[in-house]
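Asker: Got a predicted structure here, sequence first:
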Amino acid sequence: MATVTATLRPVMMSVPAAKSQHVSRISLKSSRLSSDIGFISSQLSGIKISTTAFETTPCTISAPFRPSLQPVATRSGRICPFTGKKPNKANRVSHSNHRTIRRQFVNLQYKKIWWEAGKRFVKLRLSIKAIKTIEKNGLDAVAKKAGIDLSKM
């Protein structure tokens, strides 16, 4: 059910402005679709209300897409983008053998690495294993294997 509410000014059609000091509300209810309502015009304020204006497609905001290698804010939180390492659930065992669940986080470090193809430094948040793999195989080879485009960094 579509509901359109319009507020009228103190001036009414047949009532002079001096006698009508309060603002009245008119509620128009229709069980049809909002496209059936069409245009509703207020004769007193001169405003035309179009219900078809609200049915247009939403405008898209064109912002440059810049994916980052920062871990996605999910339940796991800290994920290495190159190796895919993520936190592990484990038990903390007390002397009385009482087990409580704890998390073993990945050793993630911020590291600026020289990217030879781009002739610049790239700041990444990597696990220590990923840093060792990059030192051994090179940044381009590891990024290509992980499916990461470094030019968008």
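Answerer: Looks like it came in fine.
Asker: Residues contacting the longest helix seen in the chain, please?
Answerer: Using DSSP state H to define each element, the chain has its longest helix at helix 128-137. Contacts of helix 128-137 from elsewhere in the structure, counted by Cβ atoms under 8 Å, 6 or more residues apart in numbering, are Cys80, Phe82, Thr83, Lys85, Asn107, Gln109, Lys111, Ile113, Leu126, Val142. C-beta here means a position set from N, CA and C on the backbone, and glycine is covered the same way.
Asker: Tell me the first helix or strand C-terminal of that helix.
Answerer: Under the assignment DSSP states H and E, the closest C-terminal helix or strand after helix 128-137 is helix 139-146.
Asker: elements contacting that next one?
Answerer: Secondary-structure packing of helix 139-146 (3 or more Cβ pairs under 8 Å, 6 or more residues apart in numbering; DSSP states H and E): strand 108-115, helix 128-137.
Asker: Just the buried residues of the longest helix of the chain, please?
Answerer: Of all the residues in helix 128-137, those buried under the rule 16 or more other Cβ atoms under 10 Å are Ala130, Ile131, Thr133, Ile134.
Asker: I'd like the distance between the last one and Val106.
Answerer: Ile134 sits 16 Å away from Val106 when distances are taken as Cβ to Cβ, to the nearest Å.
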